[in-house]
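1. let me see the structure of the following:
(chains A and B)
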Amino acid sequence: MCRLAPSLHFALFSLHRHVINSRVADNAISVESLKKSYPPVRTGWRAFLQPFAAPTSPALRGVSIQVKQGEAVALLGTNGAGKTTLLRILATLLLPTSGTATLAGHDVTRDPAAVRRQLGYHAGSDLGFYSRLTGCENLRFFGRLNHLSDSYLHTRIPELAKRFELQSALDRQVRALSSGTVQRLSLLRAIIHEPKVLLLDEPTRSLDALAAADFRNFIKSEVLKKQGTSLLFASHTLSEIEFLADRVAVLNDGQLLALDTPANLKSRTRVATLERAFYRITGHSADALDESRPS
Amino acid sequence: MISSLRDLLLFFWRDLRIASTYRSPFVLELIEALFGAAMFYYVARFVDSPQLRQTLPQGTTYFAYALVGFVYFDYLHAALDSFDRSLQEARDTGTLEPLLVTQVPLPVIVAGSALYPFLATTVRIAVYLGWGALLFGFPLGAANWLSVIAVLMATLLAFCGMGILSAAYLLLLKRGNPAKWFLLSVSSVAGGMLFPVSILPDWMQFVARFNPVTYALDAMRAALLDGAGLLHIARPLLVLLLFAAILLPFSIAAFSWALRRTKITGTLPHR
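-> Below you'll find the predicted structure:
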């Protein structure tokens, strides 16, 4: 019995590892029971006397999501639902309070450097560039920080700029560009190194309708289909979610309420649109939706 | 190692390129250095006396003494200021987060961003000394350049630790640079910047004995004005290196802890 126990233990351990490894291999992103709480915001003398207050404001309450290779998952939720917090944890900019998150098989807490090698991240703002450098100089600088060679960047930057009609932005200082153009540059920066996993926070927020549609087409045809990149993105634009996402994760107050295809979400809630399905799932009344429709 | 070096140079290229988009500051700094050197020269002429010369090292004029003190403090200022200033700029312009999701670790980002300010300060010092030698008789020919470089390198190593501590403070508390304030305030009096420590009251001389800036300035003056060799300035160099050996690992650990803390609190981009 004593001799049998270690070998049985080893066999169970191997099986357990196999299950974990196969899950990691299948999933580009794996989030298990992820919790994140922030310390209360203090000002004045309280901030000085209690600089290390315990985290008590929950932003994520045990969220579990898996994103398969080549799959696009949308994060849908009201403001403060936890979408950005989740994306920032996966981008290694935040540490979770508990739970695990892996990206391309690497733990975001234990091996953030390996995570960043597989990652493209767009934070949703039009900040984040050196205003006195040109668009091209900025892209080249960030590309080199991702260890891309000069020769690769020499061909890749004009190629992507042409695709996004950003050629004129390449030779102009960023301070002279519109916020929409800077945001497109930022999106271009996120995909320039052909990452395995792409995290986008409200990717088309400042874009005009044409540029937004063009970007969505590019993501679907080039990034998702051709390159097989996995995409996790937060958006409030439901048409964008329906166009891009294979599945939708509905978050509310830090909790995952549903994770399914747009069609299944609609059929489960017995409504015709994703908008109404979102209202049903989050428990909000759709009256406001009806009232806001033009008569 | 090679990759980190390449990354450091990338940051230098970035800052050089940004600086080159501003045309006038180069010219203005040249003129400012000329007037600065002239100011020290005329103040020195005004206060120079046999009594004053007795308190200075043998054969040193007050102009040379004060100019070395001034340029050394400029360098000290750069070592203490560059790290947290680069971090603050990255945070305020919104480039910190895009930098943090690249494959370059934060210590390299901070060190790389401090590279250009250090070299710019070195050039500024050279311009000051150049004007001093060209127009006001600063004895540049007497310098032992190897010793000068050794003192500057040891200064960088010794005080970068303080600069990194300031950056850690900035990460946590968002504003202020107490290390710089404390060291520059104490050293401007009890460090021998513009007057010898020997004229201070006994208790301040005691404080000066524990201030590495005092040793560094003595070594710098000996190397620049007396042409002292490495052996001659070995003691102050060792004091600076000892200071670096204690402070650098501590400051790097403090910085890592502060970074982890801001990732827990979510305050990394906060101002």
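2. and the closest residue to chain B within the stretch 101-250 of chain A, how many neighbours does it have?
-> When scored by CB to the nearest CB, the stretch 101-250 of chain A has residue A:127 as its residue closest to chain B, at 2.8 Å. For glycine as for every other residue, the C-beta is placed from the backbone atoms N, C-alpha and C. Residue neighbour count, defined by other CB atoms under 10 Å in any protein chain shown, stands at 19 for residue A:127.
3. A helix includes it, no?
-> No. Secondary structure of residue A:127 (DSSP: H, G, I helix; E, B strand; the rest coil): coil, not part of a helix.
4. so it touches residue B:94, yeah?
-> Yes. Between residue A:127 and residue B:94 there is a contact at 2.8 Å, judged by CB atoms under 8 Å.
5. quick revisit: got the contact list for the residue of the stretch 101-250 of chain A closest to chain B?
-> Contacts for residue A:127 were tallied using CB atoms under 8 Å, 6 or more residues apart in numbering or on different chains; they are B:93, B:94, B:95.
6. restrict those to those near chain A?
-> B:93, B:94, B:95 (CB under 8 Å from any CB of the partner chain).
7. how about the residues of chain A by chain B?
-> A:38-39, A:51-52, A:55, A:85, A:88, A:91-95, A:97, A:113, A:116-117, A:119, A:121, A:123, A:125, A:127-133, A:137, A:141-142, A:144-147, A:173, A:186, A:189.
8. okay, now the residue lying closest to residue B:190 once chain neighbours are set aside: neighbour count?
-> Nearest residue to residue B:190 in three dimensions, chain neighbours excluded: residue B:208, at 4.2 Å (CB to CB, 6 or more residues apart in numbering or on different chains). Residue B:208: 21 surrounding residues under other CB under 10 Å.
9. before we move on, which element is residue B:208 in?
-> helix B:202-209 (DSSP states H and E).
10. mind listing what's buried in that helix?
-> B:207, B:208 (16 or more other CB atoms under 10 Å in any protein chain shown).
11. helices or strands up against that helix?
-> The helices and strands touching helix B:202-209, judged by 3 or more CB pairs under 8 Å, 6 or more residues apart in numbering or on different chains; DSSP states H and E, are helix B:178-190.
12. who's in contact with the helix it packs on?
-> Residues contacting helix B:178-190 (CB under 8 Å, 6+ apart): B:73, B:76-77, B:80-81, B:159, B:162-163, B:165-166, B:169, B:193-194, B:197, B:200, B:204-205, B:207-208, B:211, B:213-214.
13. how does it look with 6 Å?
-> Residues from elsewhere that reach helix B:178-190, judged by CB atoms under 6 Å, 6 or more residues apart in numbering or on different chains: B:80, B:81, B:162, B:165, B:166, B:204, B:207, B:208, B:211, B:213.
14. tell me which element the first one falls in.
-> Translated: residue B:80. Applying DSSP H and E as the criterion places residue B:80 in helix B:62-93.
15. residue contacts, the residue in the stretch 51-200 of chain B positioned nearest to chain A?
-> Nearest residue of the stretch 51-200 of chain B to chain A (CB to the nearest CB) works out as residue B:94 at 2.8 Å. The contact partners of residue B:94, by CB under 6 Å, 6+ apart, come to A:127, A:128.
16. over to residue A:144?
-> For residue A:144, the contacting residues are residue B:10, by CB under 6 Å, 6+ apart.
17. measure how the helix holding residue B:80 sits relative to helix B:178-190, angle-wise.
-> 170 degrees (axes from the mean of the first three to the mean of the last three CA atoms, to 10 degrees).
18. following helix B:62-93, which helix or strand comes up?
-> helix B:96-100.
19. near chain A at all, that next one?
-> Yes. For helix B:96-100 and chain A, the contact criterion (CB under 6 Å from any CB of the partner chain) is met by B:97, B:98.
20. geometric centre of chain B: which residue is closest?
-> A centroid search over chain B (CA atoms, centre = their mean) returns residue B:76, at 2.2 Å, as the residue closest to the centre.
21. what's the helix or strand for the residue nearest to the spatial centre of chain A?
-> Centroid-nearest residue in chain A, with CA atoms, centre = their mean: residue A:199, separated by 2.9 Å. Assigned by DSSP H and E, residue A:199 belongs to strand A:197-201.
22. now residue A:66
-> Using DSSP H and E, residue A:66 maps to strand A:57-68.
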